[in-house]
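Novice: How does the following fold in three dimensions:
(2 chains)
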Amino acid sequence: AQSVTQPDIHITVSEGASLELRCNYSYGATPYLFWYVQSPGQGLQLLLKYFSGDTLVQGIKGFEAEFKRSQSSFNLRKPSVHWSDAAEYFCAVERTDKLIFGTGTRLQVFP
Amino acid sequence: GAGVSQSPRYKVAKRGQDVALRCDPISGHVSLFWYQQALGQGPEFLTYFQNEAQLDKSGLPSDRFFAERPEGSVSTLKIQRTQQEDSAVYLCASSLGAAATYEQYFGPGTRLTVT
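Specialist: Numbering: from 1, shown residues only, chains lettered A, B, ... in the order given. Okay, the predicted model is just below:
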């Protein structure tokens, strides 16, 4: 079955530390890939997307992600986390115009 | 400018009641999507409109769920005879175009609690 896997349910980091959130997908072809962030009471906000070309994509709020075809991964990274980054993060894949989401990773940031 | 708005933000329904959830997309957006997000889960696709045409309703969990977008703008998701398993946040998203490369903008959601 086609799916998106986010193996880490909950991650805790200290403010200023680096961050990597993992995402794996199980599709044969190269899909369109996305990372969204959801803060409490807020809608989902697009951080970045990958369609083709350069496998390292830059997004908003200092986030970046790298597409690795050989590993079927699209991991999200940030070199220095801020307390305001605490939220739920979702990886998603596009299939026939709709988005298929992973189960999310909750990020907690300690001062 | 105004983003996607949804109303009501919170809805409590007794089991067996019918509910209607409204989505106002960004003006001029062609595509409109509904997703269901259960507690602790990622959003799951319900249905998709391109203008007033419902192109995909493969995610609707049962025939108790019905969505419409009669004039290609505002959309309503209706759930008949609500069940406890319908408790979730219902998210609406809109995008400017029909292709997958257009960004989907999400509303804040409607939290439905069925008691």
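Novice: Which residues does the most centrally placed residue in chain B form beta bridges with?
Specialist: The centre of chain B sits closest to B:W34, judged by C-alpha atoms, centre = their mean, with a distance of 3.3 Å. Counting by DSSP bridges, B:W34 is bridged to B:T47, B:C92.
Novice: ok, now how distant is it from chain A?
Specialist: 10 Å (C-beta to the nearest C-beta, to the nearest Å). In this view, the C-beta of every residue, glycine as well, is placed from N, C-alpha and C.
Novice: Looks like that residue contacts B:E68 (just checking).
Specialist: No: the criterion here is C-beta atoms under 8 Å, and B:W34 misses it with B:E68 at 10.8 Å.
Novice: Can you tell me which residues in chain B are near chain A?
Specialist: Neighbours of chain A within chain B, by C-beta under 8 Å from any C-beta of the partner chain: B:3-4, B:31, B:33, B:35, B:40-45, B:48, B:55-56, B:59, B:91, B:93, B:98-101, B:103-109.
Novice: what's the closest non-adjacent residue to the residue of chain A found nearest chain B?
Specialist: Using C-beta to the nearest C-beta, the closest approach of chain A to chain B is made by A:F101 at 3.3 Å. Leaving aside its sequence neighbours, A:F101 sits nearest to B:G42 (C-beta to C-beta, 6 or more residues apart in numbering or on different chains; 3.3 Å).
Novice: In contact with that neighbour, which residues?
Specialist: Contacts of B:G42 were listed using C-beta atoms under 8 Å, 6 or more residues apart in numbering or on different chains, and they are A:V4, A:F90, A:A92, A:F101, A:G102, A:T103, A:G104.
Novice: any idea which element it lies in?
Specialist: B:G42 is located outside every helix and strand, with elements delineated by DSSP states H and E.
Novice: For it, report the pLDDT, please.
Specialist: Here, the pLDDT recorded for B:G42 equals 95.
Novice: distance of it from A:L44?
Specialist: 10 Å (C-beta to C-beta, to the nearest Å).
Novice: Touching both of those two, which residues are there?
Specialist: A:F90.
Novice: Tell me where chain A has strands.
Specialist: A:4-5, A:10-14, A:19-21, A:24-25, A:32-38, A:44-50, A:56-58, A:64-68, A:73-78, A:87-95, A:98-101, A:105-110 (DSSP state E).
Novice: An error on my part: the question was meant for chain B.
Specialist: Using DSSP E, strands in chain B cover B:5-7, B:10-13, B:19-24, B:31-37, B:44-50, B:53-56, B:65-68, B:75-79, B:88-95, B:105-106, B:110-114.
Novice: For the fifth one, buried residues please.
Specialist: I take that to be strand B:44-50. For strand B:44-50, a neighbour-count test (16 or more other C-beta atoms under 10 Å in any protein chain shown) marks B:E44, B:F45, B:L46, B:T47, B:Y48, B:F49, B:Q50 as buried.
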